[in-house]
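Visitor: What follows is a predicted protein model with its sequence.
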Amino acid sequence: MSSGCRLRVAICGAGIAGLTCALALSRHPDIEIDVFESAGKLAEVGAGIGLFPRPWQIIRELGLEQDLLKTTESRLIEGPVPSFRYRKSDQREGLEFYRLITQGALIFLHRADYQQTLLRHLPASCRTYCSKRLRTYIQRSGAIELFFEDGTSHVCDVLIGADGLKSVVRKAMLNEKADRAKAQGRWKEVSEMLSSVDPVWSGTNAYRTLIPAERLRARAPTHAVLTSPMQYLGKNGYVIAYPISRGKMINFVAFDMHHELENTKFDGPWVTISDKSSFASRFRNWEPDVQALLDCVENPLLWAIHTIPPMRSFISGRATVMGDAAHAMTPHEGSGAGQAIEVVVHPLLRAHHTLTINQDAYLLATVLGHHNTNRTNVYKALAVYDEIRRPAAYHVMEHSRMNGHYFTLHVDGVDFDSGKPREQWDNLQKLGRMFEKNWEWAWTTSVDGMVKEATYRMESF
């Protein structure tokens, strides 16, 4: 540890959340940063992500804007911008009924491009280690000791768990808190804490792949997805597709949803290479544009979408979790990654998971980087992060869940297939306004309010 070091921060997980957090913290030269990744090499899993203006503020502050814009055909545009087009597609002849208008452009990126850009911007002073799978940690007086599966250990002042859905940090943290609650006879809290250790199935499976644009163009030369982001909606399923990588690839996701199975146990591997025959029957009678996309799908990745039951707190002493480790959510709000980004960046937002990742990272860097934060009071700084970020993240989490119902025409008391054409059209218009209302926060608000509140609280330390 260098003599001028104010804090030693260890980050478990080198995905978008962990790396964004590391980059934001690296702006403070008196903070030592070590990133531990369980995988043998740094390789981001996933395809396309979208970023609304809210997380893009953070991208700009981190100095990533120009490099990321080189990887996409998306352009920064202010004011009202046409975005996703929505069609009712579970019929032979589809019906386009709504166009999402956002304030500011939605920027589409390839997840791997984003990760590589983060890595290029990390300073050499930020140390990154692969093949370091955390086994557990112990909080001692004034420090945390991490224990890895390879037999090594590491001592830090702050532990940040950015280790995803199956987070070891979250498990150890909740078990630690449950042990304290047991000792005090708070059995209801014990049960509540332990219920958030393991993820639960959302009842949704997503089938994801990248389609070469030339393949789709050969199949359907004028297909809307070649130039425009599209969502094809229907009963108990929907398809989202949009161009990425400067128009060379189409990001494709088909959702097969079973709302009645929410919060149950999924039988089978959560992520695996699949075949389109395993989900194509859901879309058998859908419109021709959907059939053209399905014809181009090869070896999709099955993603059984799991979530984390809400927790009372994201922290325990000097340990905290962020991103999917804290609030894994369904991807129907396009804000997961963004939420994580917001947590770290200011001196750190799944749109899919990128909104929440960015927000987590932005705010964590705000409180840890504040000049009043030191080894003796760092637990207070983490409490500020928890009190501000947790309610906001769970707000987005619930809105994403609601959008999953809307996108699959699952609205109590409404049958989108019955009634006269005018009645059906009016119902679809109401539906569009409902999911747009759920999304408005992503472009009508900024992270400035959270940062100001956190800074105000930190000044009183």
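Guide: Now that the structure is in, tell me what you want to look at. Numbering: from 1, shown residues only.

Visitor: Could you look up the SS state of T455?
Guide: Secondary structure for T455, judged by DSSP: H, G, I helix; E, B strand; the rest coil, is helix.

Visitor: actually M450, sorry about that
Guide: Under three-state DSSP, M450 comes out as helix.

Visitor: got it, and V169?
Guide: helix.

Visitor: is it true that it touches M322?
Guide: No: checked against CB atoms under 8 Å, the pair V169 and M322 is beyond contact range at 9.5 Å. (Glycine included, C-beta is placed from N, CA and C.)

Visitor: for stretch 394-414, which positions count as buried?
Guide: Buried residues in stretch 394-414, counted by 16 or more other CB atoms under 10 Å: 396-397, 399-409.

Visitor: Apologies, that question was intended for stretch 176-193.
Guide: Neighbour-count burial for stretch 176-193, counted by 16+ other CB under 10 Å, picks out 176-178, 181, 189-190, 192-193.

Visitor: hmm, who's touching that stretch?
Guide: 139, 174, 194, 311-313, 316, 319 (CB atoms under 8 Å, 6 or more residues apart in numbering).

Visitor: Where do the helices of the stretch 101-250 of the chain begin and end?
Guide: 111-121, 168-183, 187-194, 213-219 (DSSP state H, counting those that start in this stretch).

Visitor: What are the buried residues along the shortest one?
Guide: Residues of helix 213-219 classed as buried: 213, 216 (neighbour count, 16+ other CB under 10 Å).

Visitor: just how off-centre is it within its chain?
Guide: Relative to the centre of its chain, helix 213-219 is centred 30 Å away, using CA atoms, centre = their mean, to the nearest Å.

Visitor: what does the second one give?
Guide: The gap between the average C-alpha position of helix 168-183 and the chain average comes to 24 Å, counting by CA atoms, centre = their mean.

Visitor: Also stretch 72-79?
Guide: Using CA atoms, centre = their mean, the offset of stretch 72-79 from its chain centre is 21 Å.

Visitor: buried set for it?
Guide: 72, 74.

Visitor: Other residues contacting that stretch?
Guide: Residues outside stretch 72-79 that contact it (CB under 8 Å, 6+ apart) are 56, 69, 103-110, 113, 243-247.

Visitor: quick one: which of those residues is nearest V384?
Guide: W56 (24.5 Å; CB to CB).

Visitor: What residues does that closest one make contact with?
Guide: 65, 76, 104, 107 are the contacts of W56 under CB under 8 Å, 6+ apart.

Visitor: Any stretches of the stretch 351-461 of the chain with poor pLDDT?
Guide: For the stretch 351-461 of the chain, the stretches flagged by pLDDT under 70 are 351-358.

Visitor: on that earlier part again, from the contacts of stretch 72-79, which ones fall inside strands?
Guide: Among the contacts of stretch 72-79, the residues falling in strands (DSSP state E) are 103, 107-110, 243-244.

Visitor: Those residues, buried ones only, as a PyMOL selection?
Guide: Under the burial definition 16+ other CB under 10 Å, those of those that qualify are selected in PyMOL by:
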select buried, resi 107+108+109+110+243+244
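
Visitor: How far off centre is the longest strand along the chain?
Guide: Longest strand in the chain by number of residues (criterion: DSSP E): strand 200-212. Relative to its parent chain, strand 200-212 has a centroid offset of 14 Å by CA atoms, centre = their mean.

Visitor: Can you give me the distance of R140 to T376?
Guide: Distance, R140 to T376, using CB to CB, to the nearest Å: 14 Å.

Visitor: make that S89, sorry
Guide: Distance from S89 to T376, by CB to CB: 59 Å.

Visitor: Same check on F52?
Guide: Counting by CB to CB, the gap from F52 to T376 is 38 Å.

Visitor: For the two, indicate the residue with more neighbours.
Guide: F52 (25 against 9; other CB atoms under 10 Å).

Visitor: Would you check that that one makes contact with A442?
Guide: Yes: with contact defined as CB under 8 Å, F52 counts as touching A442 (4.1 Å).

Visitor: Identify the farthest-apart pair in the buried residues of stretch 176-193.
Guide: E176 and E192 (14.6 Å).

Visitor: can I get the buried residues of stretch 176-193 in CSV with distance to R99 and pLDDT?
Guide: Output for the buried residues of stretch 176-193, formatted as CSV (distance: CB to CB, whole Å; pLDDT from 0 to 100):
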residue, distance to R99, pLDDT
E176, 49, 96
K177, 46, 96
A178, 48, 96
A181, 50, 95
E189, 47, 94
V190, 49, 95
E192, 43, 94
M193, 44, 95
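
Visitor: Name the nearest of those relative to L428.
Guide: E192 (40.0 Å).

Visitor: Report the distance from stretch 68-75 to the chain centre.
Guide: Relative to its parent chain, stretch 68-75 has a centroid offset of 20 Å by CA atoms, centre = their mean.

Visitor: should've said stretch 270-277
Guide: 21 Å.

Visitor: May I have the distance across it, first residue to last?
Guide: 18 Å (CA to CA, to the nearest Å).

Visitor: buried ones in it?
Guide: In stretch 270-277, counting by 16+ other CB under 10 Å, buried: 274, 276.

Visitor: Going forward, the N-terminal residue is numbered 47.
Guide: With 47 as the first residue, the last one maps to stretch 316-323.

Visitor: average pLDDT for it?
Guide: Mean pLDDT, stretch 316-323: 92.

Visitor: now what about it, what contacts it?
Guide: Taking CB under 8 Å, 6+ apart as the rule, stretch 316-323 contacts 91, 253, 340, 343-350, 352.

Visitor: Stretch 456-472 now?
Guide: 134, 143, 281-282, 303, 305, 451, 455, 473-474, 477, 480.

Visitor: From the residues you listed, list just the buried residues.
Guide: Buried members of these, counted by 16+ other CB under 10 Å: 134, 143, 282, 303, 451, 455, 473-474, 477.

Visitor: and which of those residues is nearest K178?
Guide: Distances from K178 to the buried ones among the contacts of stretch 456-472, taken by CB to CB, are shortest for M303, at 36.4 Å.
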